[in-house]
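Engineer: the sequence and its predicted three-dimensional model are supplied below.
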Amino acid sequence: MIPVRLEIQGLYSYREKQIVEFDQLTGAGLFGIFGAVGSGKSSILEAILLALYGSTERLSDRGEKNSMLNLQSDQVLINFEFRAGKNNAQTYLARYCAKRNPKNFEDVKPAEHTFYERVGETWEALSQRGDEIVGMQKGHFKQTVIIPQGKFREFIDLTPGPRAEMMKELFGLERFDLSGKTGSLLKVVREEKIRLETQLSALESFTKENLEEKEDQFSKLKANLTQAEELVKAVDTAYRAKEVMRTKHQELLKYQAIKTELLEKKPAIESKRQLHQEFITAKTHLKPTWEKRNDARVELEKYTVSVEDCIRFKDRFEKEVAELEKEEVILKEKTQQRPQREAKIRDLKKVLELQVLRQNLNAARHLLDTLQPSIEEKKKVQKSLKLRIQQLEEEIEKMPSMDSSLLAELKSAERDWKTWEIQLKKLTDELEQLNQASSVINQESDQLLRTVPQELETLENWLQSQKNKLTALESERDTLIQKQGLAAHVHLLHDEEACPLCGALEHPDPLLAESEVNRLNDKNKEISSGKALLEQITNSIQRKNVLAIHQENNLKNTQSKKSEIDQLTLQIASLKSRLASLAIETQESLSNQIQQISDSGKALEKLQLDFKTLRKNYDTEQDAIEKAEVDLNQSRLKVESVKTGIRTKEEEIKDPVFCDGFYEKDRETILQTIQKVEKDIEEAIQLLEGKQKHLREKRGEQTKNLADLDTFSRLKKETGEKLIKLQASFEQKKTEFGFTDEAALIRLFEQSLDAEKVLKEITQFDQDLAVTQSRIQELEENPAVSLFEEESFLKLSAKLQLLKSEAENLQNQFILLGQEIKEAQKNLAEKTQLEAVFSKLQNRESYLRELDVLFRGSGFVKYVSSIYLKELCNTANVRFMKLSKNSLSLEIDDDNTFWVIDYLNGGKRRLLKTLSGGQTFQASLCLALALAEKVKALNQADQSFFFLDEGFGALDRNALRVVFETLKSLRHENRIVGIISHVEELQQEVGVYAQIELDPEKGSQVSYSF
C-alpha cells in the first residue's frame, strides 16, 4: 500500500479541512511529519486507519465516535487516496464520513464508509472492504505498514501462540494444514472399501460355468416355443375367418329388427308431414300481412294518445313560463347591490388584521421587559462555571498517570491463566470420555465375536460358510424349476403316443406338478432365511470394521489430548514464574493488583469527564447568552415594525365610521358577520343563475311540445289509411290459399311448431328406412352369412385357447430363463469391475495412511510457521547487529519464543525483556522492517511503505544517528519510510517533511518544507 493524498476535516484537533500530499513526501523515499506535542501528528495515522478499517487506534467506531469529532465541527470527513494490489498498480479512494445529530450534540449518526477504484478518469464504487483491498487485517497492518504510538513493540510482546497464528494468517499458512483433508479422504476410502467387500460377497455365486449351463437350456427351450407358436398361428387363421362370418350374421339380425321398428312408426310420420306443409304455407304467405295489420292498429292507438297529451301540456307550459319571468326580475335587482357589500367586507378584514398587529405589539413589549433580567442572571452563572473549570484543571495536573502497558500485561496474564485452567479441565474431562468410549468399543467387539459358531472361530469364516450353503440351495432350486417346466406337459402324455419333447412311446413315471411346486416353495423359504442370515453376518463384519476405525481414532485423540495437557501445564507454570517476579502468587492477588491500577485510572477519567461536562455547560451557557442578546435586539426591531404596520392598515380602511363599532368586538363575531354577508351574496348569484337556467329549460320544453303536436297529428292520419289497405290485402290472401276459417288460421300462426326439427325428423326416417332395406338385401346375398352355426365356432375357439395356453407357458419359461441369463451376465461383469476397483482402493488406502501420519494434528503448520519466523529473525539480525555494533543478535527457539544472543558475554542467551528501552526499540524496528519486507514480497510489489510513530525519544544521540542511517539506507531498497516525531535532531536530518502546528482558532494546520 502506497499513500497518495489524505484529506482530514473534523477529526480531533483538525477543525478545518487539511490536505496531506503524500505523493510529494513519498517521492523523497524518507520523509517526516514533525510538530509539537498535541499538535495532531498521530491523528494523521489514525485518519488512515479510520479510512481503511472504520476505527482508530485510540477509540472504537461504536459508542465513542462523538469523542473523535472536533467540538466545533458538525462532522468528520476523511478522503484517503492510495495505491494497492499487485505491484501497487491500482488506485483506490477510501471515504469515511460521520455527522452529528442536529437535535443532540452528543449523538453521532452511523458513519458512511465507502471505497472506490479509479477506472480511467472516473471513480467506480466497490463492494470490497479495506482488509480485502489492502490484503491484511487491521492488526497485521499496524505491525507491518503503519505502527501507531504504543504498538511498536507489540509483535515482540506477543506470546508464541498468537505470534504463530499471526504468521499463519498473514502468509496464508493454513494451506499447509492438510490433516483434516487427509483424514476425511482416508475415512471415505475405508467406507468405500467396506461397501465393495459387501457387494463382492453378494456376487460370489455368479460364475462362468453356471452361465454356460443356462445358455444351453435356453436354446432347447427356444426350439420348442417356435413349434408351438406355428400351430397356434394356423388355428388362429381359421378362427378369424369364422369370426368375420359371425359378425355379419349378427348384423343381419340387427337390421331386420330395425326394419320392423321403422314400419311401425310410418303412419305417425305421414301425419307430421301433412301438418308441416300447412304450417309452412301459412307462415310464408299469410303471417307477414297479419303481423303488419296488428302493428298498424297498435301505432294508431299510440298516436291518438300522444295527440291528447300534447294538447293538455300546451296550457300548463304557458303558465309556468310567465311565473319564472317575474322571479328573474326580482333576483336581478338584488344582485346589482353586490359591489357596495363587498367593500364593507374588505374593511372588516382589515379590522381583523389590525387586531392581530396590536396583539403582536403587546407581546413584543412584554418580551423586552423579561429578556434583560434573564441575560444578567446567565452571566452570573457563567462566571461561577469558569471558576470551577480552573479548579478541576489544577486537580487533573496533580493526579499521577496510569501505567497502561503494565495494566494491559496483567489483564492479559489474568485472562490467559483463567483460560488455560478451563482448557486444562476440559481436556482432562475429554480424556476420561475417550477412555470410557474405548472400553465400550471393546465390549461391543467381544459381543460380536460371541455370536460366531465355535467351529468357525471368525466372522469371515462364518460368512464364507453361509455363502457355500446358499450356492448349494440355489442349485437345487434351479433343478426344481426345470422339473416344474416339464410338469406343464404331463397332460399331453398318453399311452402308446409319442412324447412331444423326447418322442418316447412309454411313460412309466410321469411327474406330479403339485409335489414339485411344494418342494420348490420349501426350497425358496430356505434360501430366503439363508440370505437373511448372510445379510446379518455381513452387517456384523461391517460393524466390526467400523468399530476398529473408531478405536484407532480414539487412540489418536487420546495421545493428542495428553500432549495438549502437558503443553498447557508448562504454559501455566511459565506464567506463574513471570508473575512471581512481580510478587504475585495467586489469581486473587493478580486481580487485586489489576483493580488497584484500574481504580487509579478511573479516578483520573472521572475528573477528566467532570472537566469535559463543565466545559460543555460553559459553552452551552455562552451560546444561550449570545442567543438571548440577539433575541433582545430582534424584539426592539419588531416593536417598531408592528407600529408601522398598524398605521398603514388604518389608512387603507375606506369607511372608518362603519368600522368603529367593530374594533372592540371579538374576532369570531367579525368573522361570522363577514361569512354571513359573503354567503348571502353567493346565494343571490346562484339563485339567479338557477332561475335563468330553469326558464330556458321550460321555454325549450314548450317549443318541443308544440312541434310534437303537429307531428303526432300527421302520423295518426297516415296510420289510419295504412290499416285499411292491410285489412283488404289479408282477406284477399285467405281466399287465395283456401283458409276460410280465420280463427283456425290464427291458431296455426300461434302454434309453437319447430318446422326445422320436424322436417329433419321426416328426412331422417326416410333415410333410415332406405339404408336398412339396402343393407338387408346385401347381407342375404351371401349364403355363408345366413347359414352360420354358433356351435362350431365355439368349439374352434376352445381349441385355440388351449393351444395359446400351452404356448404362453413355454413363453414364460423362455422369458424367465432369458432374464436369469441377462442377470447373470450383468452380475458377472459387475463382479469383474468391482474387483478391479477394490484393488485400486487397497493401494490408495496404504498411501493415505502414510500421509495421515505425516500431517497428524497441526504440527506441520507449526513447523512451517517456525521456518517463517526463523527467516524473519535472520533478516532482522542483518540490521540489528549493525545497530548494536555486532554485540547482540536475535534468536527464536522451537517454541517460537524470542531470545537475545549476547556476544559480549560469551554468546549466551537471555530473555528479550532484559534489553534496555533503546535496545528494545532497535530490535522492534529491525523486526518490523523484516516483516514489512516479507509482506512486500508476498504482495509482489516493487515498492513498499513503512510508517513509524514511536520510540525516537528513548535513543541517545549516537543510537539515533545509527537508526537514522539505517532508515536512509532503505531508500536504496526501493522502500518508502515515514516517521512521526517531535525530536529536533531528526527534523534537522530529514530534508522533506510536513510540519503540523495547532492554531487556537483554526485547529491543526499542515505546511511543508518544500
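Structural biologist: That came through, no problem.
Engineer: phi, psi of residue 116?
Structural biologist: phi -140, psi 160 (degrees, to the nearest 10).
Engineer: so what's it bridging to?
Structural biologist: residue 93, residue 125 (DSSP bridges).
Engineer: and residue 705, how far is that from residue 319?
Structural biologist: The spacing between residue 705 and residue 319, counted by CB to CB, to the nearest Å, is 13 Å. C-beta: built from backbone N, CA, C; applies to glycine.
Engineer: give me the mean pLDDT for the lengthiest helix in the chain.
Structural biologist: Secondary structure assigned by DSSP state H gives helix 208-285 as the longest helix of the chain. Across helix 208-285, the average pLDDT comes to 79.
Engineer: identify the residues contacting the spatially most central residue of the chain.
Structural biologist: In the chain, the residue lying closest to the centroid (CA atoms, centre = their mean) is residue 127, at 16.9 Å. Going by CB atoms under 8 Å, 6 or more residues apart in numbering, residue 127 touches no other residue.
Engineer: so what does it look like in phi/psi?
Structural biologist: According to degrees, to the nearest 10, residue 127 has phi -90, psi -10.
Engineer: can you tell me how far it sits from residue 133?
Structural biologist: Distance from residue 127 to residue 133, by CB to CB: 11 Å.
Engineer: name the helices or strands packed onto whichever helix or strand residue 919 is part of?
Structural biologist: In the assignment (DSSP states H and E), residue 919 maps to helix 917-938. Counting contacts by 3 or more CB pairs under 8 Å, 6 or more residues apart in numbering; DSSP states H and E, helix 917-938 packs against helix 138-144, helix 154-157, helix 859-883, strand 888-892, strand 944-948, helix 957-969, strand 975-981.
Engineer: the ones you listed: which one's closest to residue 924?
Structural biologist: Nearest to residue 924 among the helices and strands packed on helix 917-938 is helix 154-157 (5.6 Å), distances taken as CB to CB.
Engineer: so for that closest one, what's the average pLDDT?
Structural biologist: pLDDT averaged over helix 154-157 gives 68.
Engineer: check stretch 613-629 too.
Structural biologist: Regarding stretch 613-629, the rounded mean pLDDT is 78.
Engineer: quick check: buried residues in that stretch?
Structural biologist: 614, 618, 621, 625, 628 (16 or more other CB atoms under 10 Å).
Engineer: again, but for stretch 187-202
Structural biologist: 189-190, 193-194, 196-197, 201-202.
Engineer: secondary structure and distance to residue 432 added to the residues you listed, as JSON lines?
Structural biologist: As requested, those are arranged in JSON lines below (DSSP: H, G, I helix; E, B strand; the rest coil; distance: CB to CB, whole Å):
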{"residue": "189", "secondary structure": "helix", "distance to residue 432": "31"}
{"residue": "190", "secondary structure": "helix", "distance to residue 432": "27"}
{"residue": "193", "secondary structure": "helix", "distance to residue 432": "33"}
{"residue": "194", "secondary structure": "helix", "distance to residue 432": "30"}
{"residue": "196", "secondary structure": "helix", "distance to residue 432": "37"}
{"residue": "197", "secondary structure": "helix", "distance to residue 432": "35"}
{"residue": "201", "secondary structure": "helix", "distance to residue 432": "39"}
{"residue": "202", "secondary structure": "helix", "distance to residue 432": "42"}
